[in-house]
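# sequence first, then the predicted structure, then my questions.
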Amino acid sequence: MPPLSRWFIKSSFVYLVATFVSGVLAVVDAAWDVIPGAVQVTPVYYHLFMLGWVSQLIFGVGNWMFPVYSREAPRRSERLGWAVYGLLNGGLELLVLAEVVRAFAAEQAGHWLQAVGALLLWLAGTAFVANTWGRIRGK
Amino acid sequence: MPALSVWFVRTALFYLLLGFTFGGLLLSNKGVPYAPALWRLRSLHIEILMVGWFIQFAMGVAFWIFPRWWHEPRRGDERGAYLAYGLLNLGIWAVALPLLFDWSGVFVTIGRVVEAAAALAFATHIWPRTVGREG
Amino acid sequence: MPPLTRWFIRIAFLYLVVGLLLGLLLALRPILPLPPFLTGTIPVYFHLFLVGWLTQLIFGTVFWLFPPADPPRPELEARLGWSALLLLNAGLLFRVVGEPAVALRPGSPWGWLLVISAICQWVGGLAYVILVWPRARERARAKGRREEAA
């Protein structure tokens, strides 16, 4: 299994646990209102799950198992692959940070962090598709 | 495909169909409201698909395809994976039933903790198998 | 990779990019003056991602990697597989159009588009489960070894 795949997959398992922790937080907050009102735990929970766990796992396994691009460049661009890793995880961290910032009543800053996080995530997805499209082929 | 993976995958496929059924009822009711009480299924729909389908399916396939050792047991200590199967499916219903019947949030919290334990159990099994050729 | 797998995966890739773009637009709503109908697209965002990207990618990869059914049934599998692909995507596209339309005009005939979307996606999912269920199996060789050891 190539190093990039191992990083993606191990990170995905960290996010899987984080997903459930945020899931517990969301439930506790819904029942007992323990978190400041502006903080939105549930969207974070969904994004940790959809992007941090499942998509990241797919990126890692896909990078490992999809047909090679060419003999010279089996996984096409390794650099772009690592950029996907950085953009995906950077974007997710910004989404989480946006909620932390909101907890301290900095709404506008929270909105901007969320928007930049969403931009990084879109760039990650686009880069992954660009790097992997050519590997989705018959013989 | 090892037997445990068959269990994981077939259970996931069952949840896929169940979740799609709830989703279909919810979406059609959204378009043409014929049974407002159906909205209660929303939390179940989400839980069953997110945990019952996605997570369960990924665990089943990962248990099957991730690198194996040269020596026996080829998949290492499998107890974490078996425990994960039991805890995950227990956790799904421990979350789903309280959501459906509006029981206290304490029960949902317990269910989430059980699911988190399933994730940890599976991670302890699969982590050593996430190796390169030199591993 | 068989053609059905390639279609599922490439279409899933498109949903990944479009879904994340919609997510970006939704994140920009509090900052920029964007059309109000976007708020009605939040469920669309989640389903483009969860059904269009994740589920479809899984469907395509599973069709490629899982052992064949025993006995093999290639014609039935082709019919089920292509039906699943068409119905799932038709259902999603009907939802993309129908959901914001219903949010803007509740009680309008656009609601029936969501009903059709629901039926298409459900039948597509059912077709796929029927396709894959018999392929989620131990291979005969491994099963024999397990029985011998017992």
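Looks like it arrived, so ask away. Numbering: from 1, shown residues only, chains lettered A, B, ... in the order given.

# state the number of residues packed around the residue of chain B found nearest chain A.
Of all residues in chain B, the one sitting closest to chain A is B:Gly105 (2.8 Å; Cβ to the nearest Cβ). For glycine as for every other residue, the C-beta is placed from the backbone atoms N, C-alpha and C. Neighbour count for B:Gly105, taken as other Cβ atoms under 10 Å in any protein chain shown: 17.

# what sits closest to it if chain neighbours are left out?
A:Ala31 (2.8 Å; Cβ to Cβ, 6 or more residues apart in numbering or on different chains).

# OK, contacts around that neighbour?
B:Ser104, B:Gly105, B:Val106, B:Val108, B:Thr109 (Cβ atoms under 8 Å, 6 or more residues apart in numbering or on different chains).

# give me the phi and psi for it.
Note on A:Ala31: backbone dihedrals following degrees, to the nearest 10 are phi -80, psi -40.

# related to what we said a few turns ago, now the residue of chain B closest to chain A: how far from B:Arg42?
Distance, B:Gly105 to B:Arg42, by Cβ to Cβ, to the nearest Å: 17 Å.

# phi and psi next, for C:Glu138.
phi -80, psi 150.

# of the contacts of A:Ala31, which is the most crowded?
Ranking the contacts of A:Ala31 using other Cβ under 10 Å puts B:Val108 first, with 25 neighbours.

# chain C: helices as residue ranges?
C:3-28, C:42-47, C:56-65, C:74-104, C:111-132, C:140-149 (DSSP state H).

# the first one vs chain B: in contact?
No - contact between helix C:3-28 and chain B is absent, the nearest approach being 13.9 Å (criterion: Cβ under 8 Å from any Cβ of the partner chain).

# which residues does B:Arg79 contact?
B:His125.

# since we're on the residue of chain C found nearest chain B, how many residues are nearby?
At 2.8 Å from chain B, C:Leu114 is the closest residue in chain C, using Cβ to the nearest Cβ. By other Cβ under 10 Å, the residues close to C:Leu114 number 24.

# ok, the closest residue to it other than its chain neighbours - contacts?
Spatial nearest neighbour of C:Leu114, excluding adjacent residues (Cβ to Cβ, 6+ apart): B:Gly31 at 2.8 Å. Going by Cβ under 8 Å, 6+ apart, B:Gly31 touches C:Gly98, C:Val102, C:Trp110, C:Gly111, C:Trp112, C:Leu113, C:Leu114, C:Val115, C:Ser117, C:Ala118.

# state the pair within these that is farthest apart.
With Cβ to Cβ as the measure, no two of these lie farther apart than C:Trp110 and C:Ala118, at 13.6 Å.

# okay, those two: which has more neighbours?
Using other Cβ under 10 Å, the more surrounded residue of C:Trp110 and C:Ala118 is C:Ala118, with 26 against 18.

# that one: what's it in contact with?
C:Ala118 touches B:Gly23, B:Gly24, B:Leu25, B:Leu26, B:Leu27, B:Ser28, B:Gly31, C:Gly91, counting by Cβ under 8 Å, 6+ apart.

# excluding its backbone neighbours, what's nearest B:Ile48?
B:Gly19 (4.2 Å).

# host element of the one you found?
helix B:3-31 (DSSP states H and E).

# next step: the contacts of A:Ala31 restricted to helices.
Among the contacts of A:Ala31, the members found in helices (DSSP H) are B:Gly105, B:Val106, B:Val108, B:Thr109.

# now render those residues as JSON lines, adding pLDDT.
Below are those laid out as JSON lines (pLDDT from 0 to 100):
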{"residue": "B:Gly105", "pLDDT": "79"}
{"residue": "B:Val106", "pLDDT": "85"}
{"residue": "B:Val108", "pLDDT": "87"}
{"residue": "B:Thr109", "pLDDT": "87"}
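
# now B:Arg75, what's its secondary structure?
coil (DSSP: H, G, I helix; E, B strand; the rest coil).

# what residues does chain A have near chain C?
Neighbours of chain C within chain A, by Cβ under 8 Å from any Cβ: A:46, A:50, A:54-55, A:58, A:65, A:67, A:111-112, A:114-115, A:117-119, A:121-122, A:124-126, A:128-129, A:132-133, A:136-138.
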